[in-house]
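In: Here's a sequence, model it:
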Amino acid sequence: MDAIFSYLVSSTIGLPWLGSLVLVILARANEKTQHWIAFLFSLLSTICAISLISFNGPAAVIFPGGGVFGDISLMADGLGIMLSVIATGIGCISILFSTAYMKGEKQLSRYYSLMLFFIGAMVGLVLSSNLFYTFVFWEITAVCSYALISFYNDDPKAVRGGMKAFIITQLGGVGLLVGSLILYGTLHTLHIPTIMLKLTNIPPGVLSLAGFGFLIAAVAKSAQVPLHTWLPDAMEAPTPISALIHAATMVNAGVYLLARFYPAFYTVPGWKDAIIMIGAITAILSAIMAATAYDLKRVLAYSTISQLAYMVYAVGVGDIFASQFHLLSHALFKALLFLAAGAVIHSIGTRDMRLMGGLGRKMPFVRSMFIIGALGLAGIPFFNGFWSKDAILAAGFSHGPMWAYLIMLITTGITAYYTTRCVWMVFLGEPRTEIHPHPVSPVMKASLFILSIGTLTSWGMGGRLAEFFEHSLPFHHFHPLSIAERFAEVFTFPMTYGTLLVIATGMVVYLYIKRVRGVVHDFRGIIQFAENGLGFDALNAVVSQVTIYTAEALRYTQTGVLNWNIFGMLLGMIAMLGLIEMGGL
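Out: Numbers count the residues shown, from 1 in each chain. The predicted structure follows:
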């Protein structure tokens, strides 16, 4: 049994990487061969990941890694397995969709090899039980995301978007590295379960530094305010890549990190409060930006930021299950929305919703699939987003500050508003331009149908998922509920009906505003400010310019003369020794 487990864990990571290598070697193979090689390896990896679910309890696979950084240890518990299934499953569907979406594109070998390498790295990140290798996989996902966002490397916007994503997420990499080094320097181990067992040996101040280092890492990777601006610009990637990044891999890593290390840091003063504040502020600001955007993919990007904020907020109020339950729900309905949007864009050649309208009559299947995803996003009963979002709001009402709960509640109304707006502008009403969409491929339809089934039914796995977490995560605490118990809990909680009222209000408000143009004109200044990213991009530009000017100024300290450089180093050392001698350090 141990041999089978070891084989499955290794294969879940190894098969995508092997497929990536095969595609590099077969770069000159015909297009059809490359499509189906990529799909085959992603499918086999998905099967291995799903098979791990049968191992109900924490188990580890260890490969000797030498004495410096420790063994390469992979730990398959409920948290890691769920994220592995999401990464491989959504990745497999995205690749299946790509076999039609990327038909005729150049450099398919590079596209698919990077995709598979990305999937394998994400699986390695969530299964690793050694902090050093967690960091290695973390950085690999950053490199892969940069390369995939910049896939159209002859497009300056794509290259700029990839560089922006890489630079901002590297701030998170620094946070993770600093936090990991602090833990290692104190406990002399990089093994995550051992770190959890030795937490009492860490001085409170040191633990605080590590905790906030990990928080910075999560904020950057999961695109939370103020480090969120890379995600909307990542929309220059091919749409299947957008689905992969937003639903299955990159952005989930930050939420995973907070959930994994919650037992280590929840006692740190201010740590949970900071998480709640970041989650609440990010949720409402990104929802406002989604409500004013006209680029279909950017609307979904801002929506992703907002939904990730729900997961972050759930960690802050102490409900890890609700956070991960919503991560599963979001992976399904957001992948469905992105791929349905991709079908629209592929068919009509534009992302501007102002040029759409009435497409539902010409693309009825895609319309139906998109609406299913939209209902999950808006939190309408009985789609998966309703159950997971309600669990988060219930936890926030019971265990979090009321101001944050009210912000999250208002955000549900804004979410319903921009979701209704998106559906109406794209699929309903009258056509705004003369568009003649070409037929959607059967492969694309199959991909959308699979995800729609998941959006409709995944909420039924909530009880089993909580049991799986309870049995395999010894440092966390869960309270599994059956489907009947969950029904009773949700529909006897008074605030559930308040949430539904807020959602309905958001939908009605859009339908009202749509008919009253003067209302939009009255708030034009605010709307334009939101369209411009609420000033965060301008802030990024200021930081960039300050950095450039500072670097230019510091150039004058580099004379290029070795003797002067050595002299400067000696002066610095003498100054440091003097301070130490005087007790200044």
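In: what about Tyr512, which SS state?
Out: Judged by DSSP: H, G, I helix; E, B strand; the rest coil, the three-state class of Tyr512 is helix.
In: burial count for it?
Out: 10 (other Cβ atoms under 10 Å). C-beta here means a position set from N, CA and C on the backbone, and glycine is covered the same way.
In: how about low-confidence regions in the stretch 451-585 of the chain?
Out: 482, 514-533, 535, 541, 543-544, 557-559, 580-585 (pLDDT under 70).
In: Also the chain?
Out: 1, 56-60, 65-70, 482, 514-533, 535, 541, 543-544, 557-559, 580-585.
In: now the strands for it?
Out: 60-63, 72-75 (DSSP state E).
In: Columns distance to Ile453 on top of those, output as TSV?
Out: Below are those laid out as TSV (distance: least, Cβ to Cβ, whole Å):
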stretch	distance to Ile453
strand 60-63	32
strand 72-75	30
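In: Single out the most deeply packed of these.
Out: Highest mean neighbour count of the strands of the chain: strand 72-75, a mean of 21 (counted as mean count of other Cβ atoms under 10 Å).
In: Export that strand to CSV, keeping only CA atoms.
Out: Taking C-alpha atoms only, strand 72-75 is exported to CSV below (Å, rounded to 0.1, in the frame of the first residue of the first chain):
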residue,chain,number,x,y,z
ILE,A,72,12.5,16.0,-0.4
SER,A,73,9.4,15.1,1.6
LEU,A,74,5.9,15.2,0.2
MET,A,75,2.9,15.1,2.6
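In: Mind giving me the packing neighbours of that strand?
Out: Secondary-structure packing of strand 72-75 (3 or more Cβ pairs under 8 Å, 6 or more residues apart in numbering; DSSP states H and E): helix 2-25, strand 60-63, helix 108-127.
In: contacting residues for the residue nearest to the spatial centre of the chain?
Out: In the chain, the centroid-proximal residue (Cα atoms, centre = their mean) is Val251; its distance is 1.9 Å. When contacts are counted by Cβ atoms under 8 Å, 6 or more residues apart in numbering, Val251 is found next to 221-223, 231, 245, 304, 308.
In: Mind doing that once more with 6 Å?
Out: Val251 makes contact with 222-223, 308 under the criterion Cβ atoms under 6 Å, 6 or more residues apart in numbering.
In: ditto for Leu375
Out: Counted by Cβ under 6 Å, 6+ apart, Leu375 has contacts Phe383.
In: how near is it to Val315?
Out: 26 Å (Cβ to Cβ, to the nearest Å).
In: Please report the distance of Tyr549 from Thr496.
Out: In terms of Cβ to Cβ, Tyr549 sits 53 Å off from Thr496.
In: Which one of the two is surrounded by more residues?
Out: Remark: of Tyr549 and Thr496, Thr496 carries more neighbours, 17 against 10, as counted by other Cβ under 10 Å.
In: Now for the more buried one: which residues touch it?
Out: By Cβ under 6 Å, 6+ apart, the contact set of Thr496 is 390, 490.
In: before we move on, back to that, for Ile202, state which of the contacts of Val251 is nearest.
Out: Ser222 (24.9 Å; Cβ to Cβ).
In: can I assume that closest one is in contact with Val255?
Out: Yes - between Ser222 and Val255 there is a contact under Cβ atoms under 6 Å: 5.3 Å.
In: Those two: which has the busier surroundings?
Out: Between Ser222 and Val255, counted using other Cβ under 10 Å, the more crowded position is Ser222 (30 against 26).
In: Quick check: that one vs Leu409, distance?
Out: According to Cβ to Cβ, Ser222 and Leu409 sit 22 Å apart.
In: do Ile276 as well
Out: 14 Å.
In: Equivalent analysis for Asp77, please.
Out: Distance from Asp77 to Leu409, counting by Cβ to Cβ: 33 Å.
In: now swap in Tyr101 and tell me
Out: Tyr101 sits 37 Å away from Leu409, going by Cβ to Cβ.
In: between these two, which one's more packed in?
Out: Regarding Tyr101 and Leu409, a neighbour count based on other Cβ under 10 Å identifies Tyr101 as having more, with 21 against 18.
In: Now do the contacts for that one.
Out: Contacts of Tyr101 (Cβ under 6 Å, 6+ apart): 240, 342, 346.
In: What is the nearest of these to Tyr512?
Out: Among these, Gly342 lies closest to Tyr512 (Cβ to Cβ), at 31.0 Å.
In: got the contact list for the closest one?
Out: Under the criterion of Cβ under 6 Å, 6+ apart, the contact list for Gly342 reads 101, 239.
In: I'd like to know how far it sits from Pro474.
Out: Counting by Cβ to Cβ - Gly342 and Pro474 are separated by 41 Å.
In: cool, Leu127 as well?
Out: Distance from Leu127 to Pro474, by Cβ to Cβ: 17 Å.
In: Between those two, tell me which one has more neighbours.
Out: Ranked by neighbour count (other Cβ under 10 Å), Leu127 and Pro474 place Leu127 first, with 28 against 14.
In: which residues does that one contact?
Out: Leu127 touches 74, 76, 80, counting by Cβ under 6 Å, 6+ apart.
In: Around the second one, how many other residues sit close by?
Out: Here the number of neighbours of Ala76 (other Cβ under 10 Å) works out to 26.
In: my guess is it meets Val9, correct?
Out: Yes - using Cβ under 6 Å, Ala76 is in contact with Val9, at 5.5 Å.
In: what's near enough to touch the closest residue to Asp233 other than its chain neighbours?
Out: Of all residues not flanking Asp233 in the chain, Gly161 sits nearest, at 4.0 Å (Cβ to Cβ, 6 or more residues apart in numbering). If a contact means Cβ under 6 Å, 6+ apart, then Gly161 has 149, 233-234, 236 as its contacts.
In: again, but for Leu116
Out: 16, 19-20.
In: of these, closest to Gly506?
Out: Each of the contacts of Leu116 was scored against Gly506 by Cβ to Cβ, and Pro16 proved nearest at 39.5 Å.
In: Against Thr88, how distant is the closest residue to the closest one other than its chain neighbours?
Out: In this structure, Pro16 finds its nearest non-sequential neighbour in Gly120, 3.7 Å apart by Cβ to Cβ, 6+ apart. Gly120 sits 9 Å away from Thr88, going by Cβ to Cβ.
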